[in-house]
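K.L.:
Would you be able to build a 3D model of this:
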Amino acid sequence: MVDNLIMPDDISIGFKGGPRFYTDKVVSVNRQKTRLPNTTIAEHAYTWAIVDAPAEMVEALRSFFYDRRGDLKPFLMRDWTNYRLVDEPFGIGDDETTAFQITKTESAGSNPYYRVIRHIRAGTLVVKVDGVEQDLGVDYTVNATGLVTFTAPLEYDAVPTATGFFDVPVAFEGDVFDASVPYLSPDILSVDGLQCVEDIP
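P.N.:
Numbering: from 1, shown residues only. Down below sits the predicted model:
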C-alpha cells in the first residue's frame, strides 16, 4: 500500500525513466515475427541518472532510502518528464453519472492509451465542466485515488477536464544503496543501479 510520503522534488529530478511494456515476440523459421502483449497497462520505472552528484543530494537520497527501508515502503515521486495535466478530458456526461476517474490520454492519433491518474498533488487540481471552473467542496469532491464525484450528474455530452500536477506511486527496486566516492572527492558522490518501479494497485 502506497502512503502519501512524497520524495522531495529536488531528489526526484535526479531520476530518468518512463513507461515500459512487456511484449512476447515469437520468430518463425522464415524470420516472420509475431508479437503478443503480456500486459494491458504500462509500468513506469526510473533509474538514478546523476553520475557525479553533490554529496548533499546523495545524502538526502540515502536518508529517504533509509526512511522507506529500501523496497519495503512504497511512496510517491514526480516524473519530471510527465507530471502535468492541462485541461485533460476524463469522461463525458450522460445525465446519470456523477463519479469520474481522472485519466490522461497519451496518443499519436490512432491508438490512444488511457493512463489512470490516482495521485494528484495537493492544491494543484482545477476541474472544469465544458470550460467552466467548478468549486471544490461545492460542485465536486476528489478522493485519494483521483476519483472526482460531482454533486449532481453531468448533463448529456458535458465534458469534465482536469488541470494539475500528479505523482507516480513507486517503490525502490531492491534493498541495496550502492554509493561511492569518485575522484577521491567526498564532495561528489555516485550511486549505482538505484531504481524505482511503479507500484500498481
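K.L.:
quick one: the residue most central in space within the chain and Y114, what's the gap?
P.N.:
In the chain, the C-alpha nearest the mean C-alpha coordinate belongs to V168, at 2.6 Å (CA atoms, centre = their mean). Shown here: V168 relative to Y114, a distance of 16 Å by CB to CB, to the nearest Å. Just so you know, the C-beta spots here come from the backbone N, C-alpha and C atoms, and that holds for glycine as well.
K.L.:
Please state the offset of stretch 59-73 from the chain centre?
P.N.:
19 Å (CA atoms, centre = their mean, to the nearest Å).
K.L.:
now do the same end-to-end measure for it.
P.N.:
19 Å (CA to CA, to the nearest Å).
K.L.:
Show me how the record splits this protein into domains.
P.N.:
Per the record, the chain has its domains at 1-82+167-201, 84-166, by automatic domain parsing.
K.L.:
Kindly present those domains as a markdown table, with separate columns for mean pLDDT.
P.N.:
Shown next, in a markdown table, are the domains of the chain (pLDDT from 0 to 100):
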| stretch | mean pLDDT |
| --- | --- |
| domain 1-82+167-201 | 94 |
| domain 84-166 | 97 |
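K.L.:
Quick one: list the elements packing against the helix ranked longest in the chain.
P.N.:
Criterion DSSP state H: the longest helix present in the chain is helix 55-67. Under the contact criterion of 3 or more CB pairs under 8 Å, 6 or more residues apart in numbering; DSSP states H and E, helix 55-67 touches helix 9-12, strand 188-192.
K.L.:
how about CSV for these, with distance to T141 and mean neighbour count added?
P.N.:
Below are those laid out as CSV (distance: least, CB to CB, whole Å; neighbours: other CB atoms under 10 Å):
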stretch, distance to T141, mean neighbour count
helix 9-12, 27, 16
strand 188-192, 41, 17
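K.L.:
and A55, which of these is closest to it?
P.N.:
strand 188-192 (5.1 Å; CB to CB).
K.L.:
For the closest one, which strands pair with it and how are they oriented?
P.N.:
Take DSSP bridges as the rule and strand 188-192 pairs in its sheet with strand 53-54 (antiparallel), strand 178-180 (antiparallel).
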